[in-house]
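Q: Next one to model:
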Amino acid sequence: MKKIKIILFVFFMAPIAVFAAEPGMPLDKAPVDTTDNASLQRGAETFANYCLTCHGASFMRYNRHRDIGLNEVDVLDRLIFTGQKAGDLMLTAMRGKEAEEWFGVTPPDLSVIARSRGADWLYSYLRAFYRDDTTVTGWNNLVFDRAAMPHVLYKLQGEQTVRIEGEKGEIRKLQLDVPGSMSPKEYDNYIADLVSYMVYIGEPAANDRKQIGIFVMIFLFGMLGLTYALKREYWRDVH
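A: Coordinates of the predicted model:
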């Protein structure tokens, strides 16, 4: 019995220990709203313009964006720039071998990255790039140290550097040295739209699933009451 308790303790506490050991800055809460179609549309355009160059979303089709209010004409005008059709999968044009040669690693598919990493991780990561001359790309990231990905949005955010604080240099804070075309607040909102979209493509049917789930629970509770009333009526004659 004692061994079983020890095994259960290790099983449940191991993920917490791993999470606590993660390096980098604390994660910020991502203001995700997958019910805001306007936000998802803005995020989709950002994804198509900046992310699809290197990454793909191979579980998602372009015409699925009708669920967030885009018709086929909108999809062709705002999301497709490579001659693909509205019914095609969202694949990157970059070849894996070429990407590995350029970046040292093949860029991951982003279909379920929000489910894998979490929305808070993505939101913090995309705002935590800073200049670092010791890396190949000239960029580094407080959330993901030595990330192979360069800061493709630096013209929007600007250029940040790291300020070291604390007696032992244990505190690392970002400061904006070169402003971008957006204010910090505008950039945060821009990234929030993008992260909301990545959460959406991880499960496009999530909103419908949740809504159906509510109706199912209401139905089940209603049936529970009817079943209990039927049971009492039946057993009243038996007794």
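
Q: what about dumping the CA coordinates of stretch 27-37 to CSV?
A: Below are the C-alpha coordinates for stretch 27-37, written out as CSV (Å, rounded to 0.1, in the frame of the first residue of the first chain):
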residue,chain,number,x,y,z
LEU,A,27,3.9,33.5,-18.7
ASP,A,28,1.3,36.2,-19.2
LYS,A,29,-2.3,35.4,-19.4
ALA,A,30,-3.5,35.4,-23.0
PRO,A,31,-6.7,37.3,-23.7
VAL,A,32,-8.1,34.6,-26.0
ASP,A,33,-11.7,34.9,-27.3
THR,A,34,-12.6,32.4,-30.0
THR,A,35,-16.1,33.7,-30.2
ASP,A,36,-15.0,37.1,-31.6
ASN,A,37,-15.0,36.5,-35.4
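
Q: buried sites along that stretch?
A: Residues of stretch 27-37 classed as buried by neighbour count (16 or more other CB atoms under 10 Å): 27, 30, 32, 34. C-beta coordinates here come from the backbone N, C-alpha and C atoms, glycine included.

Q: Surely the last one is in contact with N207?
A: Spelled out, that is T34. Yes - look at T34 against N207 with CB atoms under 8 Å: they come within range, at 6.1 Å.

Q: on that earlier part again, and the buried residues of stretch 27-37, which of them are in helices?
A: When DSSP state H defines the helices, the subset of those inside them is empty.

Q: Any idea how far apart the tips of stretch 140-158 sit?
A: 14 Å (CA to CA, to the nearest Å).

Q: Tell me the buried residues in it?
A: In terms of neighbour count (16+ other CB under 10 Å), stretch 140-158 has its buried residues at 140-144, 147-149, 151, 153-154, 156-158.

Q: just the residues you listed now: which is nearest D237?
A: Set against D237, the nearest of those by CB to CB is V143 (67.3 Å).

Q: Run through the residues that contact that closest one.
A: V143 makes contacts with 24-25, 27, 121, 124-125, 128, as judged by CB atoms under 8 Å, 6 or more residues apart in numbering.

Q: quick one, phi psi at it?
A: Per-residue torsions, V143: phi -80, psi -40 (degrees, to the nearest 10).

Q: Please report how far it lies from Y187.
A: V143 sits 16 Å away from Y187, going by CB to CB, to the nearest Å.

Q: Thanks a lot, catch you later.
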